[in-house]
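Q: Just to be clear, the model below is a prediction. Sequence and coordinates:
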Amino acid sequence: MKREATAAQTCLQLQSQYPSKVALPNTTEYIYENSEYWNVLNSLSPACIVNPSSADDVSAFVKTFTGAEIPFAVRGGGHMTALDSNNINSTGILISADNLTSLALSDDKQTLSVGPGNRWVDVYQYLSPYGIAVPGGRIGIVGVPGLLLGGGMSYFSGQYGFSSTSVKAYEVVLANGEIVTATANNSFSDLHWALKGGGNSFGIVTRFDLQTHPAPYTYIGMNAYNPLEISQWLDAIYNFATYGQTEYPEAAVIPFSNYIPNLSPVPVPTTIVFYDSKTPLGGVNATALQNFSAPRLTPLTSTYVKRDMYAWSQELDPASSALKGDRQRFHALTAFNSPDTVQTIHNTFMAVAEQMISIVTGVEAALAIMPVSKNWVEQSNAGAGDPMGLDESKAPYIFVEQSLTWGLPVDDATIENFVTVVNQQLNAVLDAKGLKSSFLYLNDADGGQPVFQGYKPENVAKLKAIREKYDPKRIYTDLMPGGWKVADVES
């Protein structure tokens, strides 16, 4: 109660200082801000919500919270499903990035500066007239900061690596309130490295400067297939991982199988197919995507056409937004590519799903089976590399995102049990076949999954040292407890 009272008192003081930037409980602004979550379970009840409009504001708020020892959370787009990752209860205060929405393109169009309050759809809309792109989120409603701090998977990653590889500079509010700019070549180069997939233990980023890339002829769309052709579809995933993206890094796919028992008793295979063509008609019948196209695998429906990322977001985002505010959960898994890998993962997951969650009201279970090529890893490891440090010699990898959506609290325990059981089975069978990797992609991870334990030990030690250097009082570890903390990894 004492901490709640302190937080409430601090909120009143801040409201008198920053009346337009502080939302108190039961106000329209507070109710709106507290509903901006992909997972309704993260709509908590912070003592108040502050809306900084500059790095100076963020600095002032951090100094206030630190001085009063008030816990706090930071939210960008609110898409992370892990509990407490982007909100806090009434003992603390939420910093919303919603007003940090700057967008600026350099005169030479090589650098895009992005505020953390933007969603990727905002970025793509801004870039649409220029015929250029940045390796950002694949779904437009996803927020900018979470994706980049967790590494980030992009349609352009086969060419340029994880999204964070394209971050040229970070403007960061350190734990003492100092505002610094970290680049790969200045005195904060260690901080720049840490932020490329090291999470939120080091500071609050108030601006990302991103390398742009020419992209005048991108092709993208969604193919849905006959459920009777699941086996051929899984073969196509393996072949794309082995050959397609290796030979054609400009191609990308997101294959996912949807189990929605209210609509179909069997899972439905679907693939988002992408091609960054260098010529106007290069995406038509692209060789890299032939295994996902007629006559080898004929889609029941297809929306694959030439368009930019903003136009694609306009197609995809309404369907994605329809799930916002439900009960949501992600769970990550990584495996080594083989003919057996994708079949084993898909068939195990769906068999357990049909047994355990078919009667859950409104349940949707999506299994994304995503190839990560050697070139993707090589580009990410170039120069100083990144904290994730994937082993190029073991590529291609298969990143798996298990995504669950359901409606009622009464089913929470059933979903929890399903996640436990299906992953015990998946881990056991993949381990037995020597196909399991210890790496876990942070942005798809479930609360409690050991993300940093899957990074290289020397990288974890380096991350810990950088965290200690910039935040010796553990402000962004203890006062801002949400998310995965590198300090929590046992040496």
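A: Right, received. Where do you want to start?
Q: helices or strands up against the helix or strand of the chain with the lowest mean pLDDT?
A: The least trusted helix or strand in the chain, going by mean pLDDT, DSSP states H and E, turns out to be helix 2-17, with a mean of 88. For helix 2-17, the packing partners by 3 or more Cβ pairs under 8 Å, 6 or more residues apart in numbering; DSSP states H and E come out as strand 22-23, helix 55-68, strand 93-96. Where C-beta positions appear, they are placed from N, C-alpha and C, glycine not excepted.
Q: Export the ones you listed to JSON lines and append columns for distance to residue 30 and mean neighbour count.
A: Formatted as JSON lines, those follow (distance: least, Cβ to Cβ, whole Å; neighbours: other Cβ atoms under 10 Å):
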{"stretch": "strand 22-23", "distance to residue 30": "4", "mean neighbour count": "23"}
{"stretch": "helix 55-68", "distance to residue 30": "16", "mean neighbour count": "19"}
{"stretch": "strand 93-96", "distance to residue 30": "9", "mean neighbour count": "25"}
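Q: what's the closest of the ones you listed to residue 291?
A: Distance to residue 291, taken as Cβ to Cβ, is lowest for strand 93-96 among the helices and strands packed on helix 2-17, at 43.6 Å.
Q: Tell me which strands the closest one pairs with, and in which orientation.
A: strand 49-50 (parallel), strand 72-75 (parallel) (DSSP bridges).
Q: mean confidence score for the first one?
A: Taken as a whole, strand 49-50 carries a mean pLDDT of 98.
Q: Flag the shaky bits of the chain, pLDDT-wise.
A: Along the chain, segments meeting pLDDT under 70 span 1-5.
Q: In it, which helix is the longest?
A: Looking across the chain with DSSP state H, the single longest helix is helix 412-432.
Q: Give the other helices and strands that the helix or strand that that one is followed by contacts.
A: Downstream of helix 412-432, the next assigned helix or strand under DSSP states H and E is strand 436-437. Strand 436-437 sits against strand 327-336, with contacts defined as 3+ Cβ pairs under 8 Å, 6+ apart.
Q: could you check the angle helix 412-432 makes with the strand it packs on?
A: Here strand 327-336 runs at an angle of 0 degrees relative to helix 412-432 (axes from the mean of the first three to the mean of the last three Cα atoms, to 10 degrees).
Q: Parallel or antiparallel, list what pairs with strand 327-336.
A: strand 397-406 (antiparallel), strand 436-437 (antiparallel).
Q: Surely residue 244 touches residue 291?
A: Yes. With contact defined as Cβ atoms under 8 Å, residue 244 reaches residue 291; the gap is 7.0 Å.
Q: Neighbour count for the two, which is higher?
A: A count of neighbours by other Cβ atoms under 10 Å puts residue 244 above the other of residue 244 and residue 291, at 27 against 20.
Q: before we move on, back to that, could I get the strands paired with strand 93-96 in JSON lines, plus columns for mean neighbour count?
A: Listed next are the strands paired with strand 93-96 as JSON lines, based on neighbours: other Cβ atoms under 10 Å:
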{"stretch": "strand 49-50", "mean neighbour count": "26"}
{"stretch": "strand 72-75", "mean neighbour count": "26"}
